[in-house]
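Novice: Give me the fold of what follows.
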Amino acid sequence: MTEKSAYFRTSLWPVGHLLRNGGKMAGRPQGGVPIRNYRRMIGKPLHAVLCALLFLIVFLLPAHAASIDAQFRSWLESDLWPGAQSNGVSRTTFEAAFDGVTPNLKLPDLVLPGRESSTPEKQHQAEFRAPAAYFSENVVRGVTDGGRSRARQYADTLAAIERRFGVPAGIVLAIWGRESAFGRAKIPHDAFEVLATKAFLSTRKAMFTREVLAALVMAERNRIAPRAMKSSWAGALGQPQFLPTSYLEHAVDMDGDGRADIWNSVPDTLGSIANYLHAHGWVKGRDWGFEVTVPANVSCALEGPDQGKRISQWAAMGIARVGGKPFPAHEARGEGFLMMPAGRYGPAFIVTPNFYVLKEYNESDLYALFVGHGADRITYGDRRFIGAWNKVDRLHRSDIAAMQRGLERQGYDVGGADGLAGFKTRRSIGDWQARNGMAPTCFPDAGLVRALK
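Specialist: Below you'll find the predicted structure:
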């Protein structure tokens, strides 16, 4: 998925627990106190407060939701429709897209009217949780086993795709398997409901405004029925999980029926994935990367795409491939980058520029690593990582954000205090640890949070 688009003329427009009884409780509240004794035990003042709270929930919250619905409809007309019209969307298509659509307030990362944005405690995307959990062997095997069977099934299509775009079959299959379980995953959400809700209420309004406009253009140009446009909770479409701008820029018709169908056509899905990577700079003939061992005297703070060296230079520093094989000669001459997604708590890698092309598809290091690792296992057999994913502290995203702000106050560039431990955060941690007489781990832990908050 990508936030970039060259298609749209749009300005950054401004935008203006239900009580549940999980089962029969024999006339008793959850605390076990009989209802007839409840008022006497809590006293009249507290009883009045609870009554007021019940009134709020029963009467005022629905009214608040109705107010948001009204603001949403006004936003559609005053803000979104002019942008849609300027991009060639007809009134008929616009009305069909939003017929019966209301904001979905259950979506994550929303900022409701009158509230301020804050860093969420929990990670909603698997890419930003503990590294070990992302590489569960059951998940990896699901992709690699399914990928090998489909490599045989679609061999001719994949060969044609590699000739056209230069992207190996294993990479394309690993992305397909990770994104939608080879088209078997349920993609249940109405794309216009998700995209419009996020354009109206999310923390990234400008991005989602571009995406909902792109979805409208898709419906207009490609004659895709709006209710047939199913997406994830994040607004990603079809088997390759493209955002609408990516569909318009990179979806291809590989089966020759005159339409790029990423929901139902396997050739179109695979070709579109490969075209996306090709357009973002995939280098034909180069690998994605290699698992390596990193000596203790080589700092984990050397990680990152802005600290590249020839792979032969990394080797001269003592970094070696696991298993003892030398780096291929053509790779040793090329640029490589140190990548340690769990710092000293997990496997280490020397990656090539193609790794960062994979990150254009999904900006997570773990996602790109999963795809590269999965592609290797699809192509060469089930070879697990040699390095172990060791246990790391369970931290809230808000804790990591507080730690990042502490590092920023000391002059470090952590890539933004977003609660996500990307390479800039990891190497900042390593440098701070070294300056403070600690063995660098380059990964967040509870002690760092306490020291830097």
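
Novice: Low-confidence regions, this structure specifically.
Specialist: 1-66, 114-129 (pLDDT under 70).

Novice: which stretches of it form strands?
Specialist: Ranges of strands within the chain are 189-190, 230-231, 289-293, 309-310, 320-321, 335-339, 348-351, based on DSSP state E.

Novice: just those strands: most buried one?
Specialist: A comparison of those by mean neighbour count, using mean count of other Cβ atoms under 10 Å, puts strand 348-351 on top with a mean of 26. Using the backbone N, CA and C atoms, a C-beta is placed for each residue, glycine as well.

Novice: Show me the contact partners of that one.
Specialist: 288-294, 300, 311, 314, 319, 327, 336-340, 369, 372, 387 (Cβ atoms under 8 Å, 6 or more residues apart in numbering).

Novice: ok, back up a step: quick one: which of the strands of the chain is nearest Ala206?
Specialist: With distances scored as Cβ to Cβ, the stretch of the strands of the chain nearest to Ala206 is strand 230-231 (18.8 Å).

Novice: just checking, what packs against the closest one?
Specialist: Using 3 or more Cβ pairs under 8 Å, 6 or more residues apart in numbering; DSSP states H and E, the elements in contact with strand 230-231 are strand 189-190, helix 191-201.

Novice: Tell me which of the ones you listed lies nearest to Arg210.
Specialist: Between the helices and strands packed on strand 230-231, helix 191-201 lies closest to Arg210; by Cβ to Cβ that is 8.5 Å.

Novice: Now render the helices and strands packed on strand 230-231 as TSV, adding distance to Leu76.
Specialist: Output for the helices and strands packed on strand 230-231, formatted as TSV (distance: least, Cβ to Cβ, whole Å):
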stretch	distance to Leu76
strand 189-190	15
helix 191-201	7
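
Novice: Most tightly packed of those?
Specialist: Mean neighbours per residue, mean count of other Cβ under 10 Å, is largest over the helices and strands packed on strand 230-231 for helix 191-201, with a mean of 25.

Novice: Could I get the CA-only coordinates of it as CSV?
Specialist: Taking only C-alpha atoms (Å, rounded to 0.1, in the frame of the first residue of the first chain), the coordinates of helix 191-201 have been written out as CSV:
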residue,chain,number,x,y,z
ALA,A,191,-14.7,0.3,1.1
PHE,A,192,-16.6,3.5,0.9
GLU,A,193,-17.7,3.2,4.5
VAL,A,194,-14.1,2.7,5.7
LEU,A,195,-12.4,5.2,3.5
ALA,A,196,-15.0,8.0,4.0
THR,A,197,-15.0,7.4,7.8
LYS,A,198,-11.3,7.7,7.9
ALA,A,199,-11.2,10.7,5.6
PHE,A,200,-13.7,12.4,7.9
LEU,A,201,-12.5,11.3,11.3
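
Novice: list the helices and strands that helix packs on?
Specialist: Contact analysis of helix 191-201 by 3+ Cβ pairs under 8 Å, 6+ apart lists helix 61-75, helix 205-221, strand 230-231 as its packing neighbours.

Novice: now that helix against helix 205-221, angle please.
Specialist: Here the directions of helix 191-201 and helix 205-221 differ by 150 degrees (axes from the mean of the first three to the mean of the last three Cα atoms, to 10 degrees).

Novice: Contacts for helix 191-201, please.
Specialist: Identification of contacts with helix 191-201 by Cβ under 8 Å, 6+ apart yields 15, 71-72, 75-76, 80, 97-98, 101-105, 107, 109-113, 204-205, 208-209, 211-212, 215, 226, 229-235, 237, 244.

Novice: Show me how far that helix is from its chain's centre.
Specialist: For helix 191-201, the distance from its own C-alpha centre to the chain's C-alpha centre is 17 Å (Cα atoms, centre = their mean, to the nearest Å).

Novice: now do stretch 411-419
Specialist: When distances are taken as Cα atoms, centre = their mean, stretch 411-419 is centred 19 Å away from the chain's centroid.

Novice: residues of that stretch that come out buried?
Specialist: Neighbour-count burial for stretch 411-419, with 16 or more other Cβ atoms under 10 Å as criterion, is recorded at Tyr412, Val414, Gly415, Ala417, Gly419.

Novice: got it, and stretch 97-110?
Specialist: Within stretch 97-110, the residues scored as buried using 16+ other Cβ under 10 Å are Ala97, Phe98, Val101, Pro103, Asn104, Leu107, Leu110.
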